[in-house]
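Engineer: predicted structure and sequence below. I'll ask about it afterward.
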Amino acid sequence: MKDILSNLSTVKRRITNTCEKTGRNSSDVKLLLATKTVAADKIEIALAQGETLIGENKVQELKEKFETLQTIPHQTHFIGHLQSNKIKEVLKYVDCIQSVDRISLVNKLQKRLDFEDKTIDVFIQVNTSYENSKFGIEPKKALDFALKLKAYERINIKGLMTIGLFSADNEKVRNCFRMLKNIQYQMLDKGIPSQELSMGMSGDLETAIEEGSTMIRVGTAIFGKRHYPDSYYWNETK
Ligand SMILES: *Cc1c(COP(=O)(O)O)cnc(C)c1O
């Protein structure tokens, strides 16, 4: 518990330091706790500190933690790859889906939302690193996709999400975030709402904030190392 609290304050300090350096207001950068593999009692500790946003990658984990966490006010975002056959389940547990990246998924989502007479907030996930192992729409197709998405009345576009390149070369990572920001400009220019830029994780949150992130997704730096490789969470087959 002590670890989580001190890690949380370290991350907060990283946010405020970067915001100060870049002349941004730290209240403009939301912290989403990336809680995959983290047990519900640990998540509770962070929520008790006033955190309000969590992100999960798997339907199974959403389900397992739901009961414990539902007594504490918070919002849950889905940040993992979403398979069409999981839409119905995911909608039971989340306030926002950050990983919308293909029209086939959008069509099924709209159909289910029609049936439930509901709407959902979404982010468009863009593959700015061009790595096959990560999902997301190709950057050059993102604007077109956003224009199509705008026509679906049950789906509210809130912004864009990306996973930056895993690289020690900071400038390459920065380019990913710049690309996302650039797509946001193009969307706003076309009148597509896109306030949020969900970018930056434990290792690259400073760079992301410098490039305009409004939401960082942090797991390891708060909850410690995970026991599964991330490929387990980012591959289609699992
Ligand atoms: C796991 C995960 C994160 C958090 O990664 P850390 O490096 O542990 O901070 C952020 N975004 C997505 C989509 C993730 O799956």
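Structural biologist: Happy to help now that I have it.

Engineer: got the residue ranges for the strands in the chain?
Structural biologist: Remark: strands assigned in the chain by DSSP state E are 30-34, 53-56, 75-78, 96-100, 120-125, 155-161, 196-198, 215-218.

Engineer: okay, the ones you listed in TSV with distance to the ligand next?
Structural biologist: Backbone N, C-alpha and C define where each C-beta goes, glycine included. Formatted as TSV, the strands of the chain follow (distance: least, CB to the nearest ligand atom, whole Å):
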stretch	distance to the ligand
strand 30-34	3
strand 53-56	7
strand 75-78	10
strand 96-100	7
strand 120-125	8
strand 155-161	8
strand 196-198	8
strand 215-218	4
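
Engineer: now the ones you listed in TSV, with mean pLDDT and mean neighbour count?
Structural biologist: Output for the strands of the chain, formatted as TSV (pLDDT from 0 to 100; neighbours: other CB atoms under 10 Å):
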stretch	mean pLDDT	mean neighbour count
strand 30-34	98	23
strand 53-56	98	24
strand 75-78	98	22
strand 96-100	98	24
strand 120-125	98	24
strand 155-161	98	22
strand 196-198	98	24
strand 215-218	98	25
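
Engineer: would you turn those strands into JSON lines with distance to Val173?
Structural biologist: As requested, the strands of the chain are exported to JSON lines (distance: least, CB to CB, whole Å):
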{"stretch": "strand 30-34", "distance to Val173": "17"}
{"stretch": "strand 53-56", "distance to Val173": "20"}
{"stretch": "strand 75-78", "distance to Val173": "22"}
{"stretch": "strand 96-100", "distance to Val173": "19"}
{"stretch": "strand 120-125", "distance to Val173": "17"}
{"stretch": "strand 155-161", "distance to Val173": "15"}
{"stretch": "strand 196-198", "distance to Val173": "15"}
{"stretch": "strand 215-218", "distance to Val173": "13"}
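
Engineer: and of those strands, who's closest to Arg112?
Structural biologist: Nearest of the strands of the chain to Arg112, taken as CB to CB: strand 120-125 at 9.3 Å.

Engineer: partner strands of the closest one and their direction?
Structural biologist: In the sheet, strand 120-125 lines up against strand 96-100 (parallel), strand 155-161 (parallel) (DSSP bridges).

Engineer: run the chain-centre distance for the last one.
Structural biologist: The chain centre lies 11 Å from the centre of strand 155-161; the measure is CA atoms, centre = their mean, to the nearest Å.

Engineer: hmm, who's touching that strand?
Structural biologist: 79, 96, 98-100, 106, 109-110, 113, 119-126, 136, 142, 146, 149-150, 180, 183-184, 187, 192-199, 214-215 (CB atoms under 8 Å, 6 or more residues apart in numbering).
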